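Q: give the three-dimensional model of this entry:
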Amino acid sequence: MKWYKIFTPELKELIESKNLKGLSLLLRNIHPADIADIIRELEPTERVITLRVLNKTKIAEIFSLLDPEEEEELLGYFTERRAKSILLEMDPDDRIQLLDELPASMVKKLLNLFPIEEREETNILLNYPPKSAGRIMTTGYVDLGTEITVSEALEIIRKTGSDRETIYTCYAINEGRKLCGVVSLRDIILAKPDQKIYQIMNEKVYKVYTTDDQEEAARVIQKYDFLSLPVVDSENRLVGIITVDDILDVVEEEATKDFHKMAAIQMPEERYFRAGYLKQLSGRVGWLFVLVLASTISGKILQKYSLALSSLIALAYFIPMLMGAGGNIGSQSSTLVIRALATGELSLRQWRKVLVSEACAGFVIGSVLGTTAFFISIFLLDNTMLGITVGISVATVVTVGNLAGVAIPLLFNYFKLDPAIVSAPLITTILDVTGIIIYFEIARRILNIHS
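A: Residues are numbered from 1 along each chain as shown. Okay, here's the model as predicted:
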C-alpha cells in the first residue's frame, strides 16, 4: 500500500465532521503530488472541500499534476473568480497544457477574466503550432544583462527568483534581448562580485526555436542532461525556456504514440476514457482490416501448394511453428531497431553494420531453433527427411525474419517515414507469407514433391 493512503480515512472523517481546520493542518505537510493521488480517490464533493482549505499556490501545484479531464472537472466546481486565481497561479506552460484540453468556449471565457498582461502572454503561447517548442515553454526564467556585475545579478535573482520556474540556470542577453550565453547559479556565487556576466558566461549555448518540434527539445535535454533549455525566436531573441519536467511529459506522450503505432492502433487525440467508444474502435479496426486483407495472401499461397500438402499432409502440422517463429523474431528485431532510431542510438549511416550484425544473429538463432525443430519433428513423426525439411525451413525463416525486421524500419527511415508505422502485426503478416513460401519451396526440393 502506498504510504499516502493512510491519510485517506482520516481525511474523509475530517470532511464528514466538517473539521476544516483539522483538514487544513493535515494537508499542510503532505506533498502536492500525494494530495493529487489522494484527491483521485475522493468523491467530487470531498475533492472540492479538500481543495478549498488549501491556498491558491498549493492548489495550482496540485492542478499541474492532475490529468486534463480531472482539472476540467474540478474547475467546474469553482466560481469564475476562484478558477481565475488558480489559473493565474499556475506556471505558464502548465496553464497552456490545461487550456489546450478545455472547450474553446470555456477557454475564451476564462481568458476574458485574466489581466491584460497575462492574457496577452497566454494568447502568444497558444498561437504557437501544436507540438512545437513554443507551445510547452515557460516565460518564468532569469535573464541577466551581459554588462551587469555578479553582485547586481545576485540582487536580480533575489528579487525575481521566487516567481521563476528555475534559478539554477540563468541566461545572458544583450540590450536587444538576443541570447548571448548561459551562466549557472553556481558560477555566479563563486565569481568575484565585481566581475561582469559576460566574463563568466558560457557563450556556447544549446537552444531551440519556437517552431522546432518538441521531440527536438527532448533530444537536446536528454543528450546533454540539461535542467532547462532556452527557446528563441527567429531573430535569436530569448522568449522562454523548456524545463526537464515538461520534457518528461513529451517523452511519455511520444512513447505512447509509438506503442500505439507498433500495436497497429491509430492513437486517438483524446485520452483513453475521454475518447468515444466509436472513435476507439475506428482507431483499431483500420489497421486490422488492412492486415486481414494481407493475411488472405497466405491462404492464396496455401492454395498454390495444395498439391504438395495433399502429397504429404504432415507438412501442415508445422505451418504454425514456421509462421510463429518468423513473426516473433521479426517483431523482436524491428522493436529493437525502431527504439534505437527513436532514441538516436542508431543512425541510418550505420545500416550496413546493423544488417551484417543482425544477419549473423539471425543465423545463430535460426540454427538453434532449426535444430530444435528437427528433433521435435523426428520425435513426433519419426520421419528423418521431413525433420530435415522442417529444421532447414525454421532456420531459414528465422534468419530472413530477423533481417526483414531490421531492414524494413531502416527503409522507412530512409524515405523519411516514421519507422513505428512498421507495426509488429504488419511485420508478422509479411513474414507469415514469406515463411510459407520458404517452407514449401524447401519441401519441394528436399522431399521431391510437386506443387
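Q: least trustworthy helix or strand in this structure by mean pLDDT?
A: Within the chain, no helix or strand scores below helix 277-304, which has a mean of 67 by mean pLDDT, DSSP states H and E.
Q: now stretch 324-340: mean pLDDT?
A: Stretch 324-340 shows a mean pLDDT of 85.
Q: now swap in stretch 366-381 and tell me
A: Rounded mean pLDDT across stretch 366-381 is 93.
Q: please enumerate residues in contact with it?
A: 314, 317-318, 321, 325, 383-384, 386-388, 390-399, 402 (Cβ atoms under 8 Å, 6 or more residues apart in numbering). Glycine gets a C-beta too; all of them are placed from N, C-alpha and C.
Q: buried subset of those residues?
A: 318, 321, 325, 386-388, 390-399, 402 (16 or more other Cβ atoms under 10 Å).
Q: those in helices, which ones?
A: Here DSSP state H is the test, and the buried ones among the contacts of stretch 366-381 give 321, 325, 386-388, 390-399, 402 as lying in helices.
Q: and Lys12, how many neighbours?
A: Neighbour count for Lys12, taken as other Cβ atoms under 10 Å: 16.
Q: what strand or helix carries it?
A: helix 7-16 (DSSP states H and E).
Q: may I see the buried residues of that helix?
A: 7, 11-12, 14-15.
Q: before we move on, what about stretch 222-241?
A: Residues 226, 228-233, 238-241 are the ones in stretch 222-241 that count as buried (16+ other Cβ under 10 Å).
Q: so can I have TSV of those showing distance to Ile437, secondary structure and pLDDT?
A: Listed next are these as TSV, based on distance: Cβ to Cβ, whole Å; DSSP: H, G, I helix; E, B strand; the rest coil; pLDDT from 0 to 100:
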residue	distance to Ile437	secondary structure	pLDDT
Phe226	51	coil	91
Ser228	55	strand	93
Leu229	51	strand	95
Pro230	55	strand	96
Val231	53	strand	96
Val232	55	strand	96
Asp233	56	coil	94
Leu238	60	strand	96
Val239	58	strand	95
Gly240	56	strand	94
Ile241	56	strand	95
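Q: export these as CSV, with columns for distance to Leu126.
A: Below are the buried residues of stretch 222-241 laid out as CSV (distance: Cβ to Cβ, whole Å):
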residue, distance to Leu126
Phe226, 25
Ser228, 21
Leu229, 21
Pro230, 21
Val231, 15
Val232, 19
Asp233, 16
Leu238, 20
Val239, 14
Gly240, 13
Ile241, 18
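Q: show me the two of those residues that sit farthest apart.
A: Phe226 and Asp233 (19.7 Å; Cβ to Cβ).
Q: which stretches of the stretch 1-150 of the chain have low pLDDT?
A: 1-5 (pLDDT under 70).
Q: any idea how far stretch 169-180 is from the chain center?
A: Stretch 169-180 sits 32 Å away from the centroid of its parent chain (Cα atoms, centre = their mean, to the nearest Å).
Q: list the helices and strands the host helix or strand of Arg158 packs on?
A: Here Arg158 sits within helix 150-160, counting by DSSP H and E. Helices and strands touching helix 150-160, by 3 or more Cβ pairs under 8 Å, 6 or more residues apart in numbering; DSSP states H and E, are helix 185-190, helix 197-200.
Q: of those, which is nearest Phe440?
A: helix 185-190 (69.0 Å).
Q: buried residues, that closest one. List them.
A: So for helix 185-190, counting by 16+ other Cβ under 10 Å, buried means 185, 187-188.
Q: other residues contacting that helix?
A: 150, 153-154, 157, 167-170, 200-201.
Q: now do 10 Å
A: If you take Cβ atoms under 10 Å, 6 or more residues apart in numbering as the criterion, helix 185-190 is touched by 142, 144, 150-151, 153-154, 157, 161, 166-170, 184, 195, 197, 200-202.
Q: what's the mean pLDDT across it?
A: Mean predicted lDDT for helix 185-190 stands at 95.
Q: for Glu13, give me its contacts.
A: 19, 22-23.
Q: give the PyMOL command for selecting the buried subset of the residues you listed.
A: Burial among those is assessed by 16+ other Cβ under 10 Å; the matching PyMOL selection reads:
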select buried, resi 22+23
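Q: closest to Leu336 among the contacts of Glu13?
A: Nearest member of the contacts of Glu13 to Leu336, counting by Cβ to Cβ, is Leu23, at 51.2 Å.
Q: do I have it right that that closest one meets Ile35?
A: No: between Leu23 and Ile35 there is no contact under Cβ atoms under 10 Å: 11.4 Å.
Q: name the residues contacting each of the two.
A: 11, 50, 54.
Q: roughly how far apart are the closest residue to Ala153 other than its chain neighbours and Lys21?
A: Leaving aside its chain neighbours, Ala153 sits nearest to Leu144 (4.9 Å; criterion: Cβ to Cβ, 6 or more residues apart in numbering). Using Cβ to Cβ, to the nearest Å, we find Leu144 at a distance of 44 Å from Lys21.
Q: ditto for Thr384
A: From Thr384 to Lys21 the distance is 86 Å (Cβ to Cβ).
Q: ditto for Thr138
A: For Thr138, the distance to Lys21 - Cβ to Cβ - is 35 Å.
Q: what residues are up against Lys109?
A: 80, 83, 102-103.
Q: sorry, that was for Ala314
A: 377, 380-381, 383, 386, 389-390 are the contacts of Ala314 under Cβ under 10 Å, 6+ apart.
Q: over to it: give its phi and psi.
A: Dihedral pair for Ala314: phi -60, psi -20, per degrees, to the nearest 10.
Q: need the pLDDT of it.
A: So Ala314 comes in at 86 (pLDDT).
Q: from Ala395, how far off is it?
A: According to Cβ to Cβ, Ala314 stands 19 Å off from Ala395.
Q: cool, and Pro115?
A: From Pro115 to Ala395 the distance is 72 Å (Cβ to Cβ).
Q: Leu447 now?
A: For Leu447 relative to Ala395 (Cβ to Cβ), the value is 17 Å.
Q: next: Tyr171.
A: For Tyr171, the distance to Ala395 - Cβ to Cβ - is 59 Å.
Q: same question, Asp225
A: 44 Å.
Q: so Pro44 touches Tyr77, yeah?
A: Yes: contact status for Pro44 versus Tyr77: in contact at 7.0 Å, counting by Cβ under 10 Å.
Q: out of these two, which sits in the more crowded spot?
A: Tyr77 (15 against 11).
Q: quick check, that one in a strand?
A: No: checked against DSSP: H, G, I helix; E, B strand; the rest coil, Tyr77 lies outside a strand; its state is coil.
Q: wait, it sits on Glu43?
A: No: in this structure, Tyr77 is not within contact of Glu43 by Cβ under 10 Å, at 11.7 Å.
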